[in-house]
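Undergrad: Below is the structure, and that's it, no one-letter string:
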């Protein structure tokens, strides 16, 4: 079966599946009872094609706009900027001078001319009643007016579906519809022949069973839909930095309004349409909107920023012009949101299993119906009443047909693929509480198969709370970890050197020091930048004064490829100065001079270079992150288009920043190792620092290899194949190195790889990995967008929890499949063999519907929602080649099926003698005993299925309240069916002895299951 499934349903991958693969498996699943329910949690391909059409239209529209701008418009030709634009009355009455449609047309159409007519960015800001420096006023009345005129930053979403919608969908099950027709015919024939109410019992029994199945199914589906809605809400919690009332603050992107001043940095998603106010080196990736992969330069000449695009490089300030459904991104997202998530490989495989078993069930159902009808015809021939047909004969044919249809109901395990969704929804909800937000369903199940985790260091293995503790400046190493040490430091070095250090710290930074809305000083930026700025303030520096004393001419932001950042300053007394900071050995290699103990600039000798290198090694050996700060005078001329110099700098100093290892990381790494998961550290830090941290975390062992990115890059394929299995630490790595490592692990070594990432440049590796894990705190929006799971607390221990939940999902679904296939097999064989050998079936349509509900919806609830336990992390991972329906499962299914079939067959053939049954109701009592035994076999088999290999299946059972509740409800309702609903369910009350024996026969399945688990299988 596994090879058939892989061949026909194996094209769908955990991520990046082709549309052809998604369409192919749908065509193979032709035997479906309820299409709406079966395919509810699969991708809506037609909506995706619609979204792609919008993207292509955008691409063409923007291309035309750009060409028009280039060919027909340049400033020298603009002589007439007069405008016929008239401000609508309601806009003017609200205090604004430009309407929403006019604003939308400017950004969307890249209308430079129209923008100039309105006075450029500043003119539009004035017409929007906002200030480029202070932002919009925050009085509630003014905000409401703004919302009314320009709208809110939300796109149209499909409304939440109510409970009755799910009831209606559950009713659209083809087999239930056929049974409903059977029930109606049964009611008409029964009432005509036997009158009311006696003649209505059979028909009403089927109707009641159908309603019960529908209500339970709809309740389960409705609860799942609410869980997915909650998760969708969590996914949308994106914040952005704005200036309002002169104060910097973080707000949700959904609270943005036209006129807001937004601060964007590398890796941010542009949250609305807007115009560039100021910034440096801004490159924007518009592929999400237009499909064009080439990044666009955004500057004063091309100031248009479009919602949904990503900042690939640089930083800027933006004026929001259009929000929500007035942007192309809003329209695109409204369509995309209906496209749904890709189905997961397990969902597809189980659809395949359901189709195979459904075909077998359909075959058996047709044969069963043919045998039962042939039996009736034979009897009529023997009686000589071939030409005389009564209502009883019609009822018998109808009952045979109902049994055949119900066999199809039981045989087509519609619940298999839906159990995956139920288990995933349950796991995702629980994982949210454990600080992991799953963005794609497939990530849950894939994480259970993970064999490798490639983890970042900073913020994942460490706390990301950085403090500057050591400085090497003027040839001296100073401790600055306490206020007293910091105070001594400021007084012990020359004032000129301190002044230069502060100028470098406060100007060459991606961070900022601002006043928040409470009036308190707040440091914004990465933890590294924050540590430097905090140190600058602690030694008496003034951020605003330093910024106002010079003019920043050019900024080259830090990125993980260059491992440095730089800034060009225009000095107040004339001339330009470049400041550079970054990876210590890279910046030091670019230096020709150094500041000596007197604060004088002197040439960098070999001895001085070696001393500084030793200092870097010393800091790194103490697990400190090291940065080198340098500067250079570049004369009186500099063009903003010129690149920053790469040589000739003067080393100001080296700083050591402490970032402690997170508590519990060492234990989590040990858990991974015992679970067969290899943890590798991939970091941009110095090799010595990386090794020190890796040893502290338990990642680097005596057999492991630690290597630098540039060395790794130079290796050929043969050398990589030799190194990668032992590789535990990669330092000074670039995003390309991480991508190469992941690709080799996945393709050459066929490992299932999880990768963590936080930066924009990590997106390719996150995309390439089987599971991309983005950091929720330090991660950029670009990284989060490329990830499958967002680690909300940036903690490595949470990644281990995700792996545990992934394994739990995989094993829970295996348990449910084992349980359901056992019931399928026994129900099919029992009814078919009975029909062929005795001419009737022991289980009626109503009874089979009840059995179907036990094994389908209730079974899924009980087994697919089992929480994870620590033992899950003591077994080897499934990996890429593991069979889903394993040999262990086949052993348990076949063993349990044989036992149950033998019991039912014994009761059918020897039951009357065994229970000393005689009298007119003998057949009814025997069929009730068979039905009760069969149901209790399933109840105890459900308990045995809690663990497929362990004999003790009661461990932790009381902690799973869902399992206990389902089991209790099943037993209670079974008692009610037997004792009180006999008229409708074709049962009769049993004696205490009969109850004891039937329950005991069910219970015997547990020691049988325990004995089966002792049989070794490959």
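TA: Nice, thanks for sending it over. Bear in mind that the values here come from a model prediction, so they are computed numbers and not experimental data.

Undergrad: Please compute how far stretch 904-922 lies from its chain's middle.
TA: 56 Å (Cα atoms, centre = their mean, to the nearest Å).

Undergrad: ok, and for it, which residues are buried?
TA: Buried residues in stretch 904-922, counted by 16 or more other Cβ atoms under 10 Å: 904, 905, 907, 908, 911, 912, 915, 917. C-beta coordinates here come from the backbone N, C-alpha and C atoms, glycine included.

Undergrad: do stretch 521-539 as well
TA: Buried residues in stretch 521-539 (16+ other Cβ under 10 Å): 523-539.

Undergrad: Which members of those residues occur in helices, if any?
TA: 527, 528, 529, 530, 531, 532, 533, 534, 535, 536, 537, 538 (DSSP state H).

Undergrad: Nearest to residue 108, out of these: which one, please.
TA: residue 529 (35.0 Å; Cβ to Cβ).

Undergrad: I'd assumed residue 511 was in contact with the closest one.
TA: Yes - with contacts counted by Cβ atoms under 8 Å, residue 529 reaches residue 511, the gap being 3.5 Å.

Undergrad: Let me know how buried residue 131 is, in neighbour terms.
TA: 17 (other Cβ atoms under 10 Å).

Undergrad: Share the number of residues neighbouring the spatially closest residue to it that is not a sequence neighbour, please.
TA: Among residues not flanking residue 131 along the chain, residue 125 sits closest, at 6.9 Å (Cβ to Cβ, 6 or more residues apart in numbering). Other residues within reach of residue 125, judged by other Cβ under 10 Å, total 23.

Undergrad: heads up, I number from 772, so please use that
TA: Okay, residue one is now 772; in that scheme the one you just asked about reads as residue 896.

Undergrad: Can you give me every residue that contacts residue 896?
TA: By Cβ atoms under 8 Å, 6 or more residues apart in numbering, the contact list for residue 896 reads 902, 903, 1030, 1090.

Undergrad: Show me the domain layout of this protein.
TA: 859-924+1027-1103, 1116-1198+1574-1785, 1207-1233+1433-1565, 1238-1429 (the TED database).

Undergrad: first vs last residue of the third one, how far apart are they?
TA: If I follow you right, that is domain 1207-1233+1433-1565. 9 Å (Cα to Cα, to the nearest Å).

Undergrad: The second one now?
TA: Taking Cα to Cα, the span from the opening residue of domain 1116-1198+1574-1785 to its closing residue is 31 Å.

Undergrad: Was I right to think residue 1041 contacts residue 1077?
TA: Yes - using Cβ under 8 Å, residue 1041 is in contact with residue 1077, at 6.4 Å.

Undergrad: any common contacting residues for these two?
TA: residue 1055.

Undergrad: So these two - more neighbours on which side?
TA: Using other Cβ under 10 Å, the more surrounded residue of residue 1041 and residue 1077 is residue 1041, with 29 against 25.

Undergrad: where do the helices sit along the stretch 1022-1171 of the chain?
TA: 1058-1061, 1099-1107, 1116-1154, 1162-1182 (DSSP state H, counting those that start in this stretch).

Undergrad: Output the ones you listed as TSV; include the columns mean pLDDT and mean neighbour count.
TA: Formatted as TSV, these follow (pLDDT from 0 to 100; neighbours: other Cβ atoms under 10 Å):
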stretch	mean pLDDT	mean neighbour count
helix 1058-1061	72	20
helix 1099-1107	67	21
helix 1116-1154	79	19
helix 1162-1182	73	21
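
Undergrad: In CSV: the ones you listed, plus distance to residue 1753.
TA: Listed next are those as CSV, based on distance: least, Cβ to Cβ, whole Å:
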stretch, distance to residue 1753
helix 1058-1061, 63
helix 1099-1107, 54
helix 1116-1154, 23
helix 1162-1182, 17
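
Undergrad: between these, which one is nearest to residue 1736?
TA: That would be, of the helices of the stretch 1022-1171 of the chain and by Cβ to Cβ, helix 1162-1182, which comes in at 23.5 Å.

Undergrad: Now residue 918. Nearest residue, chain neighbours left out?
TA: Once flanking residues are discounted, residue 918 sits nearest to residue 1028: 6.4 Å by Cβ to Cβ, 6+ apart.

Undergrad: Tell me the predicted confidence for the residue of the chain positioned farthest from its centre.
TA: Going by Cα atoms, centre = their mean, the residue of the chain most distant from its centre is residue 1155, 69.0 Å out. Looking at residue 1155, its pLDDT stands at 71.

Undergrad: Can you say which of the domains of the chain is packed in most?
TA: domain 1207-1233+1433-1565 (a mean of 21; mean count of other Cβ atoms under 10 Å).
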